[in-house]
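K.L.:
This is a predicted model, with the sequence first.
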Amino acid sequence: MITVLWPAITAIALVYIIAAWALVTGVFELVTAVRLRKYISGEWLLALAGIASIVFGLLIVVFPIAGALTIALWFGIYALIFGVVLVGLGIRLRTHAKTIAIGGNPLAAAR
């Protein structure tokens, strides 16, 4: 009912929900990168993805009206950067998995 009577509040609420999502996932990505640094060598890519998420979320929080107007553009740029970084991380993890299969399990040695 509020959406029908006051559509602007719905747009602003959506902007803040997207900002909160980006901030929370960015923090979790940074924490995961720090925890994985003992086990993988490409953790900086995950940390970079976390930083991109946090910057995206902060931009939306700082400029919510601009975020409402350009949310598709900002989200597209964010998704492009995030996707490239995660593809790079995937390639690094794939080569890491191959070295584990050839040279043994480094996780077993770490325990």
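P.N.:
In hand now; what should we look at?
K.L.:
So what's the residue count around the nearest residue to Ile71 once chain neighbours are set aside?
P.N.:
Among residues not flanking Ile71 along the chain, Val15 sits closest, at 6.3 Å (CB to CB, 6 or more residues apart in numbering). Every C-beta, even on glycine, is put in place using the N, C-alpha and C of the backbone. Number of residues near Val15 (other CB atoms under 10 Å) recorded here: 21.
K.L.:
How far off centre is the helix or strand containing Ile17?
P.N.:
Following DSSP states H and E, the helix or strand that holds Ile17 is helix 7-36. Put simply, helix 7-36 sits 9 Å off its chain's centre (CA atoms, centre = their mean, to the nearest Å).
K.L.:
list the helices and strands it packs on?
P.N.:
Under the contact criterion of 3 or more CB pairs under 8 Å, 6 or more residues apart in numbering; DSSP states H and E, helix 7-36 touches helix 2-5, helix 43-62, helix 64-103.
K.L.:
Out of these, indicate the one that is most buried.
P.N.:
Compared across the helices and strands packed on helix 7-36, helix 43-62 shows the largest average neighbour count, a mean of 20 (mean count of other CB atoms under 10 Å).
K.L.:
Give me the distance from that one to the chain's centre.
P.N.:
The answer for helix 43-62 is 6 Å, by CA atoms, centre = their mean.
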